[in-house]
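Participant: Turn this into a model:
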Amino acid sequence: MALVSVAGCAVSYTPSAVQYDTVRITAKAPRSQDLESLLKPYSDSVNSNMNTVVGILEREMEKKMPEGTLNNLLADAMLAEARKEFGADIAAAFVNYGGVRAAQLPAGPLTIGKVYEIMPFDNLLVVQELTGKLLQEFLNRVAEKGGWPVAGVQFTIKDKKAVEVLVGGKPLDPSASYRVANSDYIANGGDDCNMLVNIPQTNKGVLVRDAFLHYFQSITAAGKKINAQLENRVRYAQ
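Facilitator: Numbering: from 1, shown residues only. From the prediction side, this is the model:
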């Protein structure tokens with residue numbers, strides 16, 4: 001019996017030439033029936049999922065500074081899901097204004113696709129424990145930016161600073177500790193929030209977008225419509 005080794009028979013190839021070109025895709029580009037046929041099963045699946053209704057908006061929701069109904073809705077969703085995932089002692093939640101990519105949501109059916117439009121980024125929901133002093137510094141940055149979606153806190157913007165700050169209805173205590181929910185983007189110093197960079201983060205792999213979806217689905221499962229009101233959470237000084 002003879003044993004033959006073929007380990008040395010592998011053939012390696014190297015390209016003899018590389019050619020490339022830039023193809024600009026515009027509305028005037030000719031349609032490719034072959035490509036459309038190839039992609040159709042995938043596009044049908046995506047469209048079916050994105051058109052799934054997760055709830056009914058009772059009224060139009062608007063994103064505004066310093067406070068809007070959409071602001072409050074999203075911050076409420078963050079806080080509710082953070083408390084569900086991390087415990088009822090989460091004091092507050094924040095959503096950076098620039099990360100919300102929809103200016104308004106019309107009353108009526110709310111689809112998964114609309115939630116993706118609101119939050120197209122795969123940011124994680126994280127929790128950090130901040131001293132009252134550091135929370136004040138963070139809120140000053142939020143005030144400097146003109147006001148973000150917030151839940152669990154109230155404050156007035158005066159001279160680009162957060163004043164008259166309430167956390168859970170009580171005056172902010174500089175020496176106390178507060179567990180707050182944010183996106184990992186902000187917790188990692190995004191949007192000039194460098195004061196948060198060195199604070200340990202806890203996360204359970206929940207995307208901010210999924211937190212929104214879970215909140216909307218829970219409201220719908222309870223037989224309710226999705227709604228939010230203006231509550232003077234963030235206001236400008238008179």
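Participant: Please export the C-alpha coordinates of the host helix or strand of residue 78 as CSV.
Facilitator: If you go by DSSP states H and E, residue 78 is part of helix 69-86. The C-alpha trace of helix 69-86 is given here as CSV (Å, rounded to 0.1, in the frame of the first residue of the first chain):
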residue,chain,number,x,y,z
THR,A,69,-43.5,66.0,23.0
LEU,A,70,-41.2,63.7,21.0
ASN,A,71,-38.3,64.6,23.4
ASN,A,72,-40.4,63.5,26.4
LEU,A,73,-41.7,60.3,24.7
LEU,A,74,-38.2,59.1,23.9
ALA,A,75,-36.7,60.0,27.3
ASP,A,76,-39.6,58.3,29.0
ALA,A,77,-39.0,55.2,26.9
MET,A,78,-35.3,55.2,27.9
LEU,A,79,-36.1,55.6,31.6
ALA,A,80,-38.7,52.9,31.6
GLU,A,81,-36.5,50.4,29.8
ALA,A,82,-33.5,51.3,31.9
ARG,A,83,-35.5,50.6,35.1
LYS,A,84,-36.7,47.3,33.7
GLU,A,85,-33.2,46.2,32.8
PHE,A,86,-31.1,47.7,35.6
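Participant: in that helix, what counts as buried?
Facilitator: By neighbour count with 16 or more other Cβ atoms under 10 Å, helix 69-86 contains the buried residues 69-83, 85-86. To be clear about C-beta, it is placed using only N, CA and C from the backbone, and glycine gets the same treatment.
Participant: Next: stretch 214-231.
Facilitator: Neighbour counts using 16+ other Cβ under 10 Å place 214, 215, 216, 218, 219, 220, 226, 227, 228 of stretch 214-231 among the buried residues.
Participant: how about the residue nearest the centre of the chain, what does it touch?
Facilitator: Geometric centre of the chain, nearest residue: residue 208, 4.1 Å, by Cα atoms, centre = their mean. Residues counted as contacts of residue 208 (Cβ atoms under 8 Å, 6 or more residues apart in numbering) are 78, 95, 119, 121, 123, 124, 125, 183.
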